[in-house]
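*Asks:* need a structure here:
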Amino acid sequence: MDVSARIDEGRSWQLAAYIAHIAQQQETSEEVTVFATGEVDSELKVRPVERVSLKLEALARQLDALGFNTEKAIILVPENERDAPSQIGGVPVRRVSTASEALALAGLAAPTSMKVPSGNIPERESGRRVPSWAILAGVVLVAAAFFWIGGDFARWSSLAEQGRILDLEQDMAAVEDTFLGGWRAATYRKWRNVTKPRIGRLDIDGSTLLAEDAAACADKTALEKRRMTQVYTGTAVVCSVEIRAVSDVRGRVVIGRLAYWPNGLGNEDRATRVMRGSHENSGRTWTLEFAQLPEAGAALRLVIISGAVDINGSQPWYQDLLSAHINSAAFAAARDRLQRLGFDTHALDWRRK
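*Replies:* Got it, this is the predicted structure:
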């Protein structure tokens with residue numbers, strides 16, 4: 001068992017560690033591999049733990065690579081997991097309420113000091129023993145998949161709930177090159193995308209406010225409001241724009257940036273103006289009054305990001321999202337980066353011809 005990881009972010013490892021400890025104390029003859037997850041309390045009862053279904057899903061993806069006899073293997077989960085499958089990859093899944101039940105199913109004798117109510121231990125084959133190396137082979141995965149994934153999920157979920165998405169991305173990247181780290185991170189990304197608010201419909205309405213000349217922009221009551229199209233071909237002065245994005249899904253947070261490029265999209269080191277917009281129920285509004293009025297070739301890029309939480313802190317993906325062509329590899333990479341973190345991205349362009 002690898003004991004280098006922290007043990008203060010979950011207790012899923014306790015049942016597996018207990019079985020491994022007993023296996024080392026007893027002589028063994030038959031090869032049996034045991035996978036287990038569960039907390040063990042002071043009375044040696046197996047207590048519930050979190051995210052067992054995800055742990056079993058992770059285990060299922062690893063079974064083929066482990067190279068053990070599925071006919072001499074067993075998976076143990078807490079008694080409360082009534083929705084657990086009966087088998088995974090040909091390995092039976094059994095629910096246990098006490099450590100003694102777990103030992104019996106693993107082919108181990110309970111220590112004489114254990115007080116176990118009669119009738120709670122399933123019968124086992126006479127003389128059936130489990131080599132400690134076989135138990136520990138299963139515990140390696142338990143320590144990594146069942147324990148580490150629980151600790152990782154707790155830490156990553158906390159970062160996500162705080163909106164610290166860049167910190168979340170960097171933390172996952174840090175473990176991807178470690179033992180089983182790649183699939184732990186992949187499993188969490190899949191979980192984020194499965195549990196995120198559904199996309200639903202995102203309504204986006206935009207207006208340009210026009211005047212005959214630049215001086216007339218000062219009188220907002222006299223401005224002509226016209227529905228915004230992708231390309232403006234008129235001759236009037238564009239004084240300002242208003243854009244509103246609203247989601248029809250409750251609990252879906254809409255954020256984003258509006259960037260102004262007076263000399264064309266991406267033709268300068270950075271946009272002249274970048275706006276966060278104002279938050280409103282289920283949506284966001286951007287109102288941009290141009291200090292430098294748009295001439296021919298001027299462009300706007302609106303990027304809308306939606307998900308379960310607002311994003312706090314540094315957001316480097318905006319650099320490409322606000323400047324790169326929508327069909328470019330740079331834009332696709334930034335969009336996919338957010339998608340892996342559980343966010344959907346939409347982009348709209350406007351320019352003056």
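*Asks:* domains of this structure?
*Replies:* 14-195, 202-352 (automatic domain parsing).
*Asks:* where among those domains is average confidence lowest?
*Replies:* If the domains of the chain are sorted by mean pLDDT, domain 14-195 sits at the bottom with a mean of 77.
*Asks:* mind checking how far that one is from the chain centre?
*Replies:* Centroid separation for domain 14-195 versus its chain: 22 Å, with Cα atoms, centre = their mean, to the nearest Å.
*Asks:* tell me how far the ends of it are from each other?
*Replies:* Start-to-end span of domain 14-195 (Cα to Cα, to the nearest Å) is 28 Å.
*Asks:* restrict the helix or strand hosting Ala104 to CA atoms and write it as CSV.
*Replies:* Element membership for Ala104 (DSSP states H and E) is helix 99-105. Only the C-alpha atoms of helix 99-105 are listed here, as CSV (Å, rounded to 0.1, in the frame of the first residue of the first chain):
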residue,chain,number,x,y,z
ALA,A,99,-15.5,-5.9,9.3
SER,A,100,-16.0,-9.5,10.2
GLU,A,101,-18.3,-10.0,7.2
ALA,A,102,-15.7,-8.4,5.0
LEU,A,103,-13.0,-10.8,6.3
ALA,A,104,-15.2,-13.8,5.8
LEU,A,105,-16.0,-12.9,2.2
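*Asks:* output the contacting helices and strands for it.
*Replies:* Applying 3 or more Cβ pairs under 8 Å, 6 or more residues apart in numbering; DSSP states H and E, one finds that helix 99-105 makes contact with helix 14-25, strand 46-47, strand 73-78, strand 91-96. Using the backbone N, CA and C atoms, a C-beta is placed for each residue, glycine as well.
*Asks:* quick check: which of the ones you listed is nearest to Thr195?
*Replies:* Set against Thr195 and scored by Cβ to Cβ, the helices and strands packed on helix 99-105 come closest in strand 73-78, at 21.3 Å.
*Asks:* that closest one vs helix 14-25, what angle?
*Replies:* For strand 73-78 against helix 14-25, the angle by axes from the mean of the first three to the mean of the last three Cα atoms, to 10 degrees is 130 degrees.
*Asks:* so which elements touch strand 73-78?
*Replies:* Using 3+ Cβ pairs under 8 Å, 6+ apart, strand 73-78 sits against strand 33-36, helix 52-66, strand 91-96, helix 99-105.
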